[in-house]
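1. got a structure for you, letters missing:
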């Protein structure tokens, strides 16, 4: 018997919502949506991206604890370094899990949920091509999830989007 | 005076309504509330999920549905440790059990942990903003909790399991030590001696507080056998596997009696 074995590209895409619970004791209180973080692992490429609100209103910031306020005055500036640090130490595919452990009280990164991987991402390509494709596509994924999951019925200003892609170690 | 001592040595200074909850929950198994999952879940290893009661009180349930059966007695461990901490005035939030019925999804009993205060922030995020006075208070709490964590065999201690009350009061410090799912029988088997040396202190990197260590040792040593039996024996049987209840009781009693020797050894080495 003869045959050909072809390695099929595989990929995972997961999303974690980020919110600030203004009153941990009571559920009839304001929950401030902050944004979304997405992690992708795709055939040798590992990436993470985030879409956060550019800023919180003064009314919202008044409901945030003083220390957390420093992180959330400008969510991307406050949180992206934490995400970046997690990216540096976590195994590929486990960055969101690490962040969920680090932020699990008033400011919560909630449990990651899987997102469908776009079919075109799974076509055989070089790592450079995959990186270029993700650089093009990830902002759209982030923006879609940002609007659809966090603010389904509201008009809001554009999110601040940042992303980072890195080849896995060979 | 006792309250002042507790504030100094343990930083147990929960929100007043949580103190009232603790008073009730610490002497009962279930809270008598109707709990409803909200759909919020966190991504940590016990798959905790949010519940609310009929008065909109939030709680954190463990273990979550879908957890692979790993024989970790999360509900029992969380409840026993919280009740012991209440007796000792140590800063572990109140825990009640919730009976979801034998035919429901997941474990029959889950632990429901109340939040200690609001807003809360994890220690690593709060530390750079704490005053020198607060860091001294934290060193007392770390020493106290090192003794307690060693006693209850707490295996999963991390800096982000220490919550700080983010209330802007730089002259005081309120801490909550959470997540004791991996304690007690997780690392114990009966009749194996439960521990040989002190566990790491959390938060670490602070000047040790021998007074807090001594005070907590004294409190634990003063806990009578019957109180340990009572706290463990009121946990419903479905929360345990064979032999685990006996292992928990034996581990706590034997460990209580061996605790001072462990810490004396540590002092001799340092």
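-> Right, received. Where do you want to start? For clarity, every value in this text was computed on a predicted model and none was experimentally measured.
2. is residue A:35 in a bridge, and if so with what?
-> residue A:18, residue A:52 (DSSP bridges).
3. May I have the residues that are in contact with residue B:206?
-> B:135, B:138-139, B:142 (CB atoms under 8 Å, 6 or more residues apart in numbering or on different chains). C-beta here means a position set from N, CA and C on the backbone, and glycine is covered the same way.
4. Okay, helices next: where are they in chain B?
-> With DSSP state H, the ranges of helices along chain B come out as B:2-10, B:16-25, B:74-88, B:123-126, B:132-152, B:210-221, B:225-233, B:244-269.
5. Please identify the deepest-packed of the ones you listed.
-> Sort the helices of chain B by mean neighbour count, taking mean count of other CB atoms under 10 Å in any protein chain shown, and helix B:74-88 sits at the top with a mean of 26.
6. tilt between that one and helix B:132-152?
-> 120 degrees (axes from the mean of the first three to the mean of the last three CA atoms, to 10 degrees).
7. Would helix B:74-88 count as contacting chain A?
-> No - applying CB under 8 Å from any CB of the partner chain, one finds helix B:74-88 separated from chain A by no less than 15.1 Å.
8. tell me what that helix is packed against?
-> strand B:58-62, strand B:95-99, strand B:109-114, helix B:132-152, helix B:210-221, helix B:225-233, helix B:244-269 (3 or more CB pairs under 8 Å, 6 or more residues apart in numbering or on different chains; DSSP states H and E).
9. Now do the second one: which elements does it pack against?
-> Going back to what we said before, that points to strand B:95-99. helix B:74-88, strand B:109-114.
10. I'd like those as TSV, with mean pLDDT appended.
-> As requested, the helices and strands packed on strand B:95-99 are exported to TSV (pLDDT from 0 to 100):
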stretch	mean pLDDT
helix B:74-88	97
strand B:109-114	96
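11. Okay, and the beta partners of residue B:177?
-> residue B:162.
12. residues in contact with residue B:179?
-> Per CB under 8 Å, 6+ apart, neighbours of residue B:179: B:44, B:46, B:156, B:158, B:161.
13. Distance check, it against residue B:135.
-> 23 Å (CB to CB, to the nearest Å).
14. Next: residue A:98.
-> 26 Å.
15. ok, which residues in chain A are in contact with chain B?
-> Residues of chain A lying near chain B (CB under 8 Å from any CB): A:16, A:21-28, A:64-68, A:70-71, A:96-97, A:100-112.
16. what about burial for these, which qualify?
-> A:16, A:21-27, A:64-65, A:67-68, A:71, A:96-97, A:100-112 (16 or more other CB atoms under 10 Å in any protein chain shown).
17. neighbours around the residue nearest to residue B:122 when sequence neighbours are not counted, how many?
-> Among residues not flanking residue B:122 along the chain, residue B:160 sits closest, at 4.2 Å (CB to CB, 6 or more residues apart in numbering or on different chains). Counted with other CB atoms under 10 Å in any protein chain shown, the neighbours of residue B:160 add up to 20.
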